[in-house]
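In: for reference, the sequence and a predicted model appear below.
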Amino acid sequence: MKYFKKLVGKRVYLSPINPDDAEIYTKWMNDLKISIPLGNASSLYSLPKEKEVLEELANEGYNFAIVELTTDRLLGNCSLFELDLIHRRAQLGIFLGEKEDWGKGFGTEAIQLLLEFGFKIIGLHNIMLKVFSFNKRAIEVYRKIGFTEIGRRTQSFQINNQWFDELYFQILSTEFKSTYLDDWLPE
């Protein structure tokens, strides 16, 4: 089997990353509609380089493939990184690789599963993320889930001769309202 159901939602599940997916990730990372919002449009991704990156991600940290539950189709990935277990904080990152999957709730559910993991399994208290001001769709999703804006770095990202702000959002364990794992966890 290519994927393993670590966290299961209604429409997606999170699995450890599979380095054998290097070809699809290489396609996604070289697509400007994906790489610009991630802030890495200037990077070139070859198949060997992406395979190396995926092997590193698969062997360390909390990096998950987002997989459609009914088809086992890879949708993207999400991660908790810059983990600080002493102060119980981390950063969150996510992307969906196929534009036709955007706006269907897959990302929202994946983030909720990842937050459940961060707060209920590894005991985090504060999860932060960064997003560029032009990414209105993502900002709407983050706010809907319960993230609040805590800061802004003005005109810190340039693309196509335009400047954009970098926004900082956070959510605390006491603010998070999701119940995907409630059936699995002891009371």
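Out: Arrived safely.

In: can we go C-alpha only for contacts and neighbour counts from here?
Out: Will do.

In: so how far is Gly151 from Val131?
Out: Separation of Val131 from Gly151 (CA to CA, to the nearest Å) stands at 11 Å.

In: overlap in contacts, the two.
Out: Taking CA atoms under 8 Å, 6 or more residues apart in numbering as the criterion, Val131 and Gly151 both touch 167-168.

In: the two: which is more packed in?
Out: Using other CA atoms under 10 Å, the more surrounded residue of Val131 and Gly151 is Val131, with 20 against 12.

In: correct me if wrong: the more buried one contacts Gln170.
Out: No - counting by CA atoms under 8 Å, Val131 does not reach Gln170; the two are 11.2 Å apart.

In: strands along the chain, start to end?
Out: Along the chain, counting by DSSP state E, strands occupy 7-8, 12-16, 62-68, 74-84, 89-96, 126-132, 148-159, 162-172.

In: how far does the first one sit from its chain's centre?
Out: So that's strand 7-8. When distances are taken as CA atoms, centre = their mean, to the nearest Å, strand 7-8 is centred 15 Å away from the chain's centroid.

In: may I see the buried residues of the longest helix belonging to the chain?
Out: Scanning the chain for the longest helix, with DSSP state H as the assignment, gives helix 47-59. Buried residues in helix 47-59, counted by 16 or more other CA atoms under 10 Å: 50-51, 54-55, 57-58.

In: only alpha carbons, please: show it as PDB.
Out: Backbone C-alpha positions of helix 47-59 (Å, rounded to 0.1, in the frame of the first residue of the first chain) are rendered in PDB as follows:
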ATOM      1  CA  LEU A  47      13.000  15.000 -10.000                       C
ATOM      2  CA  PRO A  48      16.200  14.000  -8.100                       C
ATOM      3  CA  LYS A  49      16.000  17.100  -5.900                       C
ATOM      4  CA  GLU A  50      12.400  16.600  -5.000                       C
ATOM      5  CA  LYS A  51      13.000  12.900  -4.300                       C
ATOM      6  CA  GLU A  52      15.700  14.000  -1.800                       C
ATOM      7  CA  VAL A  53      13.500  16.500  -0.200                       C
ATOM      8  CA  LEU A  54      10.600  14.000   0.200                       C
ATOM      9  CA  GLU A  55      13.000  11.400   1.700                       C
ATOM     10  CA  GLU A  56      14.100  14.000   4.300                       C
ATOM     11  CA  LEU A  57      10.500  15.000   5.000                       C
ATOM     12  CA  ALA A  58       9.500  11.400   5.400                       C
ATOM     13  CA  ASN A  59      12.200  10.700   7.900                       C
END
